[in-house]
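S.K.: sequence below, structure please.
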Amino acid sequence: MTRQIKLGRTRAALIVALLLGGLTAARGGGQMTFGDDTNTSANDGPPFFGFVRDADGSAVGDARVTATVKSGGALVTTSNSIGVYKIAGFAKSINPDDIVISCAKDGYKQANIVRRPNAPGDTTDPIEVDCVLQKE
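M.R.: Residues are numbered from 1 along each chain as shown. Down below sits the predicted model:
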């Protein structure tokens, strides 16, 4: 239960930070983005993002996050210093359910992956997939 509360608070803090960042950008005449504008094509599906944490709920920075397409191919990124990662959307022809997220870091093993469901029929909102790593 404590881990759920920590992750819930962390998730809420990220949402607030993203919203506040978006409000600042909007006031300056800009638009809210996820830190880059790589998902600008009308042919792109939803991006993936999430947190990489250890079993105690602490952020794990510089973890390798791999998005593997079941039919073949993969993209790799790393989590930032607060454990957040983002992967731009794949082509709309690739079903987001056919993309598997995994995380790794030296000295850790993957303990759990939690994929947060989007609303039924939602094909544009980012898909949150959180990783929990356990020290070896």
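
S.K.: so where's this structure uncertain?
M.R.: Across the chain, the ranges flagged by pLDDT under 70 are 1-42.

S.K.: at which residues are the strands of it located?
M.R.: For the chain, the strands defined by DSSP state E cover 48-54, 64-69, 74-78, 84-87, 99-104, 108-115, 127-135.

S.K.: in a markdown table, list those along with distance to residue 121 and mean neighbour count.
M.R.: Every C-beta, even on glycine, is put in place using the N, C-alpha and C of the backbone. Compiled in a markdown table, the strands of the chain are given as follows (distance: least, Cβ to Cβ, whole Å; neighbours: other Cβ atoms under 10 Å):
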| stretch | distance to residue 121 | mean neighbour count |
| --- | --- | --- |
| strand 48-54 | 18 | 23 |
| strand 64-69 | 22 | 17 |
| strand 74-78 | 25 | 13 |
| strand 84-87 | 22 | 20 |
| strand 99-104 | 18 | 19 |
| strand 108-115 | 17 | 14 |
| strand 127-135 | 14 | 19 |
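
S.K.: make CSV out of these and add distance to residue 93.
M.R.: What follows is the strands of the chain, written out as CSV (distance: least, Cβ to Cβ, whole Å):
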stretch, distance to residue 93
strand 48-54, 16
strand 64-69, 11
strand 74-78, 16
strand 84-87, 17
strand 99-104, 12
strand 108-115, 21
strand 127-135, 16
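
S.K.: distance of residue 129 relative to residue 48?
M.R.: 6 Å (Cβ to Cβ, to the nearest Å).

S.K.: mutual contacts of those two, please.
M.R.: residue 101 (Cβ atoms under 8 Å, 6 or more residues apart in numbering).

S.K.: quick check: beta-bridge partners of residue 69?
M.R.: Beta bridges link residue 69 to residue 99 when assigned by DSSP bridges.
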